[in-house]
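*Asks:* have a look; sequence and predicted model below, questions after that.
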4 protein chains.
Amino acid sequence: MKSPDDSVDYQSRIHESFGLQGAMRTLGAELTHIAPGAVDICLDWAPELTQQHGFLHAGMVSTALDSACGYAGLTLMPANAAVLTIEFKVNLLAPAKGQRFRMEGRVIKPGRTITVTEGRAYAMDQGRENLVATMGCTLMCVQDRQGLSD
Amino acid sequence: MKSPDDSVDYQSRIHESFGLQGAMRTLGAELTHIAPGAVDICLDWAPELTQQHGFLHAGMVSTALDSACGYAGLTLMPANAAVLTIEFKVNLLAPAKGQRFRMEGRVIKPGRTITVTEGRAYAMDQGRENLVATMGCTLMCVQDRQGLSD
Amino acid sequence: MKSPDDSVDYQSRIHESFGLQGAMRTLGAELTHIAPGAVDICLDWAPELTQQHGFLHAGMVSTALDSACGYAGLTLMPANAAVLTIEFKVNLLAPAKGQRFRMEGRVIKPGRTITVTEGRAYAMDQGRENLVATMGCTLMCVQDRQGLSD
Amino acid sequence: MKSPDDSVDYQSRIHESFGLQGAMRTLGAELTHIAPGAVDICLDWAPELTQQHGFLHAGMVSTALDSACGYAGLTLMPANAAVLTIEFKVNLLAPAKGQRFRMEGRVIKPGRTITVTEGRAYAMDQGRENLVATMGCTLMCVQDRQGLSD
């Protein structure tokens, strides 16, 4: 997947935007992979992120997946663009039980206005990696809207 | 909507389960309404919950909506049941800009195994309440599975 | 919900577009209600539209819901605009068992580029009307793209 | 992906069920691939299946995708089971423009009650194959419910 001419700086733009997200700090999330059309985010289990059975809350899984998908889309957008999530759907395949989690965001169809992405969440549990959630996420590229650049 | 015979205790079951969710404490979330097929959750804006523009992160909106929908479903399930989210979809209608937020979860179709719910997220911004997100959420009622009662 | 100035003709535009849809003829579908932000489509059960148990196929339910949602969005768009469906999600609440069906499309959030709609499918079965499916549908308004006006 | 012991007959069960679907005849659809966890359905463009611009209607794309996903799930279910679609979401990546279409249904997570599948729709247009739609589809396995076996 070809990145646009001005995407040479997307690494720094994404790191800067990520650093502005209070939610990512709350998750203890790290950007572990950034490439054209692909971003991974990892985080450790923490008691602040749990549902009633002690597993990672589906909403927290979604928070990391949404950011991974959004930044994956941003890698392919012009330098002055902001990315907005229009909608996402999450299927929860198994309880998010594990010590560490990896969320993958991947662009499956880039576009001038609309970009469609998919996410996968993996739980690393006692040395095994299990697919625990999938996301389909639709993004909009917004340009020249003051106060919204990523 | 009729609640099952044994749902007289759903208020205490939901409060107990809610109290076990680390994620709800992280959100600063409160249960503000519990009735058969209907649960509301409210929370205040906080820097720990933001995306890069300082608004509430879509994932945090989803976390509260998912819990509101899940507990709305639980009000209509047997006392020994646990509720699992199978999937949800969120449409983000506007930036979640506001000082306080209210998430509504409502059952639109209860069932023995599958319950379908809808959520609405409202941002209270300078005295105005705006609809900022909608959720469609599918739940499964799980009985007799050890370690999973809500 | 206010319709744009140039929407006075949306009735004729929608009827004309609907008439061009081979799929609507195959469904035996009729436009039974058109108002700003709201379109209803009705159709009768027919053996050509069934799944393996003789009920209306979920895909056929979706076909009519998608058109109802799309045209509901079009009522609020400029006269030279075309409407594209970006995505939709359908929850199937009950088998689509009945003699006649009514699909409602309603705009819940209009926008310059993105419009969010919701649909409801009702089956009329022996005099009773049952909600059998819900749809969440995201539309894009496309202007000035040759060959795409609705 | 292992198929259950009694799935040796899933080929004939799926062909029989497919033959009962009036909707599949209307689509001119054929089963072109059946394997454990995987079913493909192909169909030709026809004027009865179009939206207003002459492309395949998104709902007709969804009808074929839903059947492909449903039968993919059925390959992994017990012989006496019926498959119900709980919900699906479709992203429309490009107009469904082409002379022939192939819809792939794939199981990504089989389960005793809930099976999660994904679909891809490809348009063959003047010798090129384009991905035009993706589906995420959740199925329920229903056993011992009279009149519902597939």
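*Replies:* Received the coordinates, thanks. Predicted model only: the values in this text are computed from it and were never measured.

*Asks:* wait, does stretch A:112-130 contact chain B?
*Replies:* No - Stretch A:112-130 lies out of reach of chain B by CB under 8 Å from any CB of the partner chain, never closer than 11.3 Å. Using the backbone N, CA and C atoms, a C-beta is placed for each residue, glycine as well.

*Asks:* which positions in chain A make contact with chain C?
*Replies:* A:86-87, A:89, A:113-114, A:136, A:138, A:140.

*Asks:* apply 7 Å and report the result again.
*Replies:* A:86-87, A:89, A:113-114, A:138, A:140 (CB under 7 Å from any CB of the partner chain).

*Asks:* neighbour count, pLDDT and secondary structure for the residues you listed - can I get that in TSV?
*Replies:* TSV is the format used below for the residues of chain A next to chain C (neighbours: other CB atoms under 10 Å in any protein chain shown; pLDDT from 0 to 100; DSSP: H, G, I helix; E, B strand; the rest coil):
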residue	neighbour count	pLDDT	secondary structure
A:Ile86	24	98	strand
A:Glu87	26	98	strand
A:Lys89	25	98	strand
A:Thr113	14	96	coil
A:Ile114	23	97	strand
A:Thr138	24	98	strand
A:Met140	21	97	strand
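
*Asks:* would you list every one of the strands in chain A?
*Replies:* A:30-35, A:38-44, A:81-92, A:100-109, A:114-125, A:128-143 (DSSP state E).

*Asks:* before we move on, the earlier item: and the two most separated of the residues of chain A next to chain C?
*Replies:* Using CB to CB, the pair of the residues of chain A next to chain C lying farthest apart is A:Lys89 and A:Thr113, separated by 19.9 Å.

*Asks:* where are the low-confidence patches of chain A?
*Replies:* For chain A, applying pLDDT under 70 flags the ranges A:1-8, A:144-150.

*Asks:* buried set for stretch A:35-53?
*Replies:* Using 16 or more other CB atoms under 10 Å in any protein chain shown as the test for burial, stretch A:35-53 gives A:37-43, A:45, A:48-53.

*Asks:* what residues does chain A put near chain B?
*Replies:* Close to chain B, as judged by CB under 7 Å from any CB, chain A has residues A:17, A:20-23, A:26, A:47-53, A:57-60, A:62-63, A:66, A:85-92, A:148, A:150.

*Asks:* if we use 6 Å, what do you get?
*Replies:* Residues of chain A lying close to chain B by CB under 6 Å from any CB of the partner chain are A:17, A:20-23, A:26, A:47-52, A:57-60, A:62-63, A:66, A:85, A:87-92.

*Asks:* ok so, going back, the buried residues of stretch A:35-53: which ones sit near chain D?
*Replies:* Filtering those for proximity to chain D by CB under 6 Å from any CB leaves nothing.

*Asks:* now those residues as JSON lines including distance to C:Lys109?
*Replies:* Output for those, formatted as JSON lines (distance: CB to CB, whole Å):
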{"residue": "A:Gly37", "distance to C:Lys109": "29"}
{"residue": "A:Ala38", "distance to C:Lys109": "31"}
{"residue": "A:Val39", "distance to C:Lys109": "28"}
{"residue": "A:Asp40", "distance to C:Lys109": "32"}
{"residue": "A:Ile41", "distance to C:Lys109": "29"}
{"residue": "A:Cys42", "distance to C:Lys109": "34"}
{"residue": "A:Leu43", "distance to C:Lys109": "32"}
{"residue": "A:Trp45", "distance to C:Lys109": "36"}
{"residue": "A:Glu48", "distance to C:Lys109": "32"}
{"residue": "A:Leu49", "distance to C:Lys109": "30"}
{"residue": "A:Thr50", "distance to C:Lys109": "33"}
{"residue": "A:Gln51", "distance to C:Lys109": "29"}
{"residue": "A:Gln52", "distance to C:Lys109": "32"}
{"residue": "A:His53", "distance to C:Lys109": "35"}
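
*Asks:* for those, which one is nearest B:Ala121?
*Replies:* Nearest to B:Ala121 among those is A:Gln51, at 18.6 Å by CB to CB.
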